[in-house]
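**Student:** after the sequence you'll find the predicted model.
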Amino acid sequence: MSPVVSSPPRIIRIASRKSQLALVQTEWVQAELQKHFPDRTFEVHTMSTQGDKILDVALAKIGDKGLFTKELEQGMIEKKTDFAVHSLKDLPTRLPEGLILGCVTERENPADALVVHKKFKDKQLETLPEGAVIGTSSLRRLAQLRHHFPHLAFKDIRGNLNTRLAKLDAGEFDALILAVAGLQRLGMSDRIHQVIPPEISLHAVGQGALGIECRSDDPEILSLIKVLEHTPTAQRCYAERAFLRELEGGCQVPIGVNTVIEGEQLTLIGVVASLDGQKLVKDSIAGKATEAEQLGTQLAQKLREQGAAEILAQIFAEVGR
């Protein structure tokens, strides 16, 4: 009898965007999995997405269905890669058939941050002078900040983190609003001038967490990536994503959230705001963390009854969606 030769374990191919932040996040996942499974091989495969290529148009005007994820998803569907690492806030709440959100990692601080030009180093968001130019690509940040600070001027900004900071330092903007988590992951915490409290700006759905997407029919990959799952973060993010899905909003609409788990109770706050900041609907819900998705859906229904649907319909008409 000939000896039985076992085939080597498959090489696991991880899909990632090419940006510096995306690679830092993907390489962290790769390193963590390598620690848990030292006998396995994990390779990173990078690709550019539509959102990476179109930098001269506001995100909301491009449309947001998989703007930073579609190409990575196609690679998985075609079995060229095995799973993809996303900033969870970029991952649509409705995924292509055959793909699932297989893992949510522990969340960094999900708040937004104020980053200022050096001439305003002694100012806070509340004390910036009238007409100060604030850069943001997010309609969510824009709407909430216009509501609280109508005297400030807001200007769209695109590009990666380093590009945006260079524009700020060159004097094209007086301040920027960026995610705390992204600055921290790139070792730029020193640029955080002020962490914006949730009373002023609720963060994006999934902000600060990584989402690992994979094929639903691949139990081997699912079992590997599940070691990185952080249950409290996952529950918070499932509630937020259900809220967004029920409102039929996308990544580029003024919908903000804040979620806290204390013991077994989850509290979700949600907001929908008009682009001019004039109309703002905000409410909260609390219940069992194990029923996170139902809570998100119920809160969305509460906001609909309070006028959120009309606000969103007007926004979709304005941005040409």
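**Tutor:** Arrived safely.
**Student:** next, count neighbours for residue 133.
**Tutor:** Using other C-beta atoms under 10 Å, residue 133 has 18 neighbouring residues. From N, CA and C alone the C-beta is placed, and that goes for glycine too.
**Student:** helix or strand: which one has residue 31?
**Tutor:** Element membership for residue 31 (DSSP states H and E) is helix 20-36.
**Student:** give the other helices and strands that that helix contacts.
**Tutor:** Applying 3 or more C-beta pairs under 8 Å, 6 or more residues apart in numbering; DSSP states H and E, we find helix 20-36 packed against strand 12-17, strand 42-47, strand 83-87, helix 161-169, helix 180-185, strand 210-215, helix 219-225.
**Student:** so how far is the third one off the chain centroid?
**Tutor:** Yep, that's strand 83-87 we're talking about. 11 Å (C-alpha atoms, centre = their mean, to the nearest Å).
**Student:** could you give the angle of the helix holding residue 31 to helix 161-169?
**Tutor:** Counting by axes from the mean of the first three to the mean of the last three C-alpha atoms, to 10 degrees, helix 20-36 points 140 degrees away from the direction of helix 161-169.
**Student:** what sits up against helix 20-36?
**Tutor:** Residues from elsewhere that reach helix 20-36 (C-beta atoms under 8 Å, 6 or more residues apart in numbering): 12, 14, 16-17, 40, 42, 44, 46, 85, 87, 105, 160-162, 182, 185-186, 210, 212, 224-225, 227-228.
**Student:** residues contacting residue 210?
**Tutor:** So residue 210 contacts 25, 29, 85, 86, 87, 88, 104, 105 (C-beta under 8 Å, 6+ apart).
**Student:** so which of those residues comes closest to residue 266?
**Tutor:** residue 104 (14.3 Å; C-beta to C-beta).
**Student:** count of residues packed around the closest one?
**Tutor:** 24.
**Student:** need the phi and psi values for it.
**Tutor:** Note on residue 104: backbone dihedrals following degrees, to the nearest 10 are phi -120, psi 120.
**Student:** circling back to that earlier point, what mean pLDDT does the helix holding residue 31 have?
**Tutor:** Throughout helix 20-36, pLDDT has a mean value of 97.
**Student:** same deal with stretch 180-194?
**Tutor:** 97.
**Student:** I'd like the helices and strands packed on helix 20-36 written out as CSV, with distance to residue 117 added.
**Tutor:** Formatted as CSV, the helices and strands packed on helix 20-36 follow (distance: least, C-beta to C-beta, whole Å):
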stretch, distance to residue 117
strand 12-17, 28
strand 42-47, 32
strand 83-87, 26
helix 161-169, 6
helix 180-185, 16
strand 210-215, 31
helix 219-225, 41
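**Student:** pick the most buried one from these.
**Tutor:** strand 83-87 (a mean of 26; mean count of other C-beta atoms under 10 Å).
**Student:** quick one: the strands in the stretch 1-150 of the chain?
**Tutor:** With DSSP state E, counting those that start in this stretch as the criterion, the stretch 1-150 of the chain has strands at 12-17, 42-47, 83-87, 99-104, 112-116, 133-135.
**Student:** adding distance to residue 169 and mean pLDDT, write the ones you listed out as CSV.
**Tutor:** Listed next are those as CSV, based on distance: least, C-beta to C-beta, whole Å; pLDDT from 0 to 100:
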stretch, distance to residue 169, mean pLDDT
strand 12-17, 24, 97
strand 42-47, 28, 96
strand 83-87, 24, 97
strand 99-104, 34, 98
strand 112-116, 10, 98
strand 133-135, 12, 98
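**Student:** nearest to residue 245 among those strands would be which one?
**Tutor:** strand 99-104 (11.8 Å).
**Student:** next up, the contacts around residue 225.
**Tutor:** Counted by C-beta under 8 Å, 6+ apart, residue 225 has contacts 33, 83, 102, 103, 212, 214.
**Student:** bridged to the residue nearest to it when sequence neighbours are not counted, which residues?
**Tutor:** Using C-beta to C-beta, 6 or more residues apart in numbering and skipping residues adjacent in sequence, the residue nearest residue 225 is residue 103, 4.3 Å away. Beta-bridge pairing for residue 103 (DSSP bridges): residue 212.
**Student:** go ahead and confirm residue 103 touches residue 223.
**Tutor:** No. Using C-beta atoms under 8 Å, residue 103 makes no contact with residue 223, being 10.5 Å away.
**Student:** any idea how far the closest residue to residue 189 other than its chain neighbours is from residue 234?
**Tutor:** In space, and not counting its chain neighbours, residue 189 is closest to residue 183: 6.0 Å by C-beta to C-beta, 6+ apart. Distance, residue 183 to residue 234, by C-beta to C-beta, to the nearest Å: 24 Å.
**Student:** list the buried ones in stretch 309-321?
**Tutor:** Across stretch 309-321, burial judged by 16 or more other C-beta atoms under 10 Å covers 309, 311, 312, 315, 319, 321.
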